[in-house]
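> Next comes the sequence, and after it the predicted model I'd like to discuss.
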Amino acid sequence: PYRWLEDDNSEATDAWVEEQNKVTFDYLKQIPYHNKIKDRLEEIWNYPKYSSPFKVAGKYYFKKNDGLQNQSVLYTQNDLYGEPEVLLDPNTFCEDGTISLSGTYFSNDGKYMGYSKCMSGSDWNEFFIMDLNTRENLDDHLEWIKFLRELCKFQYLQLVTKHIKDMMSFTLLLKREKLIVCLARQVLESQHC
């Protein structure tokens, strides 16, 4: 009876979710100690959190959340003792913080970073490539990208674009007449094209 809710883009689903949230939050607000619990949880959660750092082409990268940020921020620094700089702040993707940074993929030479955005926890992602020298996105980007875990065998296909030397490699697989695109971490060298 709820199959219609599987369409997360429909007006009916949006209305249903809004009504469910209204009922839930109206009920929770009636609990006398609701604000005490909320304040205590915020106090407990409000401390800086760091990911493990990783190194690509001589630079270090890590994520940090100051405490109560919706999304962790991606930082870079030139060496272990260098001053961290914000590379990408997912909190600027939208006002309500529901668009997250769902993945980062670096070229071996450290010139480019591919990254994917996810809206409201969706399986579907939007993919961008950033020039790390200018910190500007390339004009082209991909939409409706999804990684399907049940697929276990991949065939690599090189995509030719105007950025032949430093282009990203994408994994393509044809299954049941559907073309599924998954990002691979490799960067193709120009002699392979």
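Looks like it came in fine. Numbers count the residues shown, from 1 in each chain.
> Any idea how many residues pack against Leu41?
10 (other CB atoms under 10 Å). All C-beta atoms are positioned from the backbone trio N, CA, C, and that covers glycine.
> now the strands for this structure?
Taking DSSP state E as the test, the strands found in the chain are 49-50, 54-56, 59-65, 73-77, 85-88, 99-106, 112-119, 125-131, 136-137, 142-145, 155-157, 168-175, 178-187.
> Determine which of those shows the lowest mean per-residue pLDDT.
Ranked by mean pLDDT, the strands of the chain end with strand 155-157 at the bottom, a mean of 33.
> hmm, back to that, out of the strands of the chain, which is closest to Val17?
Checking the strands of the chain against Val17 by CB to CB gives strand 112-119 as the closest, at 14.2 Å.
> Mind listing the strands the closest one pairs with, and their directions?
strand 99-106 (antiparallel), strand 125-131 (antiparallel) (DSSP bridges).
> closest one to Thr92 among the ones you listed?
Proximity to Thr92 (CB to CB) singles out strand 99-106 among those, at 9.5 Å.
> Quick one: neighbours of Phe68, just the number.
Actually, residue 68 is Leu. It isn't Phe. Leu68 has 9 neighbouring residues, counting by other CB under 10 Å.
> correct me, but it touches Trp45?
Yes. Counting by CB atoms under 8 Å, Leu68 does reach Trp45; the two are 6.4 Å apart.
> coming back round to it: include distance to Arg40 and mean neighbour count when you put the strands of the chain into CSV, please.
Compiled in CSV, the strands of the chain are given as follows (distance: least, CB to CB, whole Å; neighbours: other CB atoms under 10 Å):
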stretch, distance to Arg40, mean neighbour count
strand 49-50, 18, 12
strand 54-56, 34, 13
strand 59-65, 19, 17
strand 73-77, 25, 19
strand 85-88, 30, 16
strand 99-106, 26, 19
strand 112-119, 30, 20
strand 125-131, 35, 19
strand 136-137, 41, 11
strand 142-145, 39, 14
strand 155-157, 51, 10
strand 168-175, 45, 16
strand 178-187, 40, 14
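> Output those in a markdown table, with distance to Asn35 appended to each entry.
Shown next, in a markdown table, are the strands of the chain (distance: least, CB to CB, whole Å):
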| stretch | distance to Asn35 |
| --- | --- |
| strand 49-50 | 24 |
| strand 54-56 | 40 |
| strand 59-65 | 24 |
| strand 73-77 | 29 |
| strand 85-88 | 33 |
| strand 99-106 | 27 |
| strand 112-119 | 30 |
| strand 125-131 | 36 |
| strand 136-137 | 42 |
| strand 142-145 | 41 |
| strand 155-157 | 55 |
| strand 168-175 | 48 |
| strand 178-187 | 43 |
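> Identify the residues contacting Tyr60.
Contact analysis of Tyr60 by CB atoms under 8 Å, 6 or more residues apart in numbering lists Pro53, Phe54, Thr76, Gln77, Asn78, Asp79, Leu80, Gly82.
> Having no further points to raise, I will conclude here.
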